[in-house]
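Student: Sharing a sequence plus its predicted fold:
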Amino acid sequence: MYKLIEGKKIADQVKAEIKQEVSDIREKGGKIPHLAAILVGHDGASETYVAYKQKDCSQVGIESTLFHYEDDLSEADLLAKIEEINRNEEIDGLIVQLPLPEHISEQKVIEHINPGKDVDGFHPVNVGRMVIGLPAYISATPAGILELIKRYKIDTVGKTCVIIGRSNIVGKPLSILLSQKKYPGNATVTVCHSRTKDLALTARNADIIVAALGQAEFLKSDMVKEGAVVFDVGITRVPSENTKSGWKLIGDVKFDEVAPKASFITPVPGGVGPMTRVALLKNTLLAAKKEIYS
Ligand code: NDP
């Protein structure tokens, strides 16, 4: 019988811990953590994500400020705004919601954020520090998965791990973290992508599989060995007649088939997603405490 990894439940626990810590800071007269978010344009999904992030902050007592600009904002003006926030001592963490309009270079924008305030963990300085094992802001989804591994005491040492997907925000950083010389880590990691030959054979060897490719129900039971630990990162929105919204979320794992073979498995929704959200709050708290960059 598999054990369901209840991301939503763990995320609520982590939130309660953060809330307590923020409240302790407040009682001692310390500085309340403050997250700034920049949103350019009116992409519906981006507006929703930013609203969630602000709501999460307010639930745990973290201050948040949204800087919302029209999509004709110039790159130079955006960079100037980032510099202003970098200098603002009131603000501990800064995120720029992606994607940005085409006339703005995302890479330039990311590199303009002070690494000490880069709570998304996208700046090359944070990525580089993470790679060589120095304290760094870790991007939210890999950080959320590591937290689940720790809280469920999942053994990673010497395990064979297959990660499907090599994006800069999920697959690539997670592959490095799981092969670090510490727990959670010490796994033997293989990264699969769209050019991988015989992915099913590779996946079938894995003790731990992370599906992060964005293809609904890609991972089937014949690609998973008995007893594997399965993390489902993917989210695909599909129309549904059974929900009020008219759509539902589907993961990258064919859950009904795979779960009976797994030892641990995350559901979608309620698995990795809530942990991703909570990881941003943790990084903002770390930024306020100046634990990574003094
Ligand atoms: P990207 O689109 O940036 O990357 C997808 C990766 O999957 C690429 O490396 C791609 O290969 C690989 N891939 C695509 N199709 C296949 C295939 N058929 N076989 C093998 N590999 C394949 O995606 P993200 O990493 O940003 O996100 C992945 C999924 O996770 C999405 O559904 C996204 O919505 C979701 N997500 C969920 C989060 C959460 O909180 N739950 C957070 C972030 C993302 P190649 O490099 O060769 O193109």
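Tutor: Arrived safely.

Student: wait, what's in contact with the residue in the stretch 1-150 of the chain that the ligand sits nearest to?
Tutor: As assessed by Cβ to the nearest ligand atom, the ligand sits closest to Thr141 within the stretch 1-150 of the chain, at 4.3 Å. Every C-beta, even on glycine, is put in place using the N, C-alpha and C of the backbone. Counting by Cβ atoms under 8 Å, 6 or more residues apart in numbering, Thr141 makes contact with Ile169, Val170, Leu174, Ala212, Val233, Val272, Met275, Thr276, Ala279.

Student: mind checking the SS state of it?
Tutor: State at Thr141, reduced to three classes by DSSP: H, G, I helix; E, B strand; the rest coil: helix.

Student: Next one: it from Asp56, what distance?
Tutor: To Asp56, Thr141 is 15 Å away according to Cβ to Cβ, to the nearest Å.

Student: Kindly report the same for Val14.
Tutor: 11 Å.

Student: Quick check: neighbours shared by these two?
Tutor: Applying Cβ under 8 Å, 6+ apart, one finds that Val14 and Asp56 are jointly contacted by Val278, Leu281.

Student: Got the confidence number for Asp118?
Tutor: Listed pLDDT for Asp118 reads 98.

Student: I misspoke; the intended subject was Ala216.
Tutor: Ala216 is assigned a predicted lDDT (pLDDT) of 97.

Student: What degree of burial does it show, as a neighbour count?
Tutor: Counted with other Cβ atoms under 10 Å, residues neighbouring Ala216 total 17.

Student: now it: how far from Asp232?
Tutor: To Asp232, Ala216 is 11 Å away according to Cβ to Cβ.

Student: now do Ala212
Tutor: 9 Å.

Student: Domain boundaries for this structure, per the record?
Tutor: With domains defined by automatic domain parsing, the chain comprises 31-114, 140-274.

Student: Those: which one's closest to Lys289?
Tutor: Proximity to Lys289 (Cβ to Cβ) singles out domain 31-114 among the domains of the chain, at 8.0 Å.

Student: still on that earlier bit, from the domains of the chain, which stretch is densest packed?
Tutor: Mean neighbour count (mean count of other Cβ atoms under 10 Å) peaks for domain 140-274 among the domains of the chain, with a mean of 19.

Student: Check the separation of the first and last residues in that domain.
Tutor: Counting by Cα to Cα, to the nearest Å, you get 10 Å between the two ends of domain 140-274.

Student: Run the chain-centre distance for it.
Tutor: In terms of Cα atoms, centre = their mean, to the nearest Å, the gap separating the centre of domain 140-274 from the centre of its chain is 13 Å.

Student: what's the single longest helix in this structure?
Tutor: Using DSSP state H, we find that the single longest helix of the chain is helix 7-27.

Student: same for it, what does it pack against?
Tutor: Where contact means 3 or more Cβ pairs under 8 Å, 6 or more residues apart in numbering; DSSP states H and E, helix 7-27 is packed against helix 44-60, helix 140-151, helix 272-288.

Student: now the angle from the last one to helix 140-151?
Tutor: Read it as helix 272-288. Here helix 272-288 runs at an angle of 100 degrees relative to helix 140-151 (axes from the mean of the first three to the mean of the last three Cα atoms, to 10 degrees).

Student: could you give the mean pLDDT of helix 272-288?
Tutor: pLDDT averaged over helix 272-288 gives 98.

Student: Distance check, the residue of the stretch 1-150 of the chain closest to the ligand against Leu177.
Tutor: Using Cβ to Cβ, Thr141 is found at 11 Å from Leu177.
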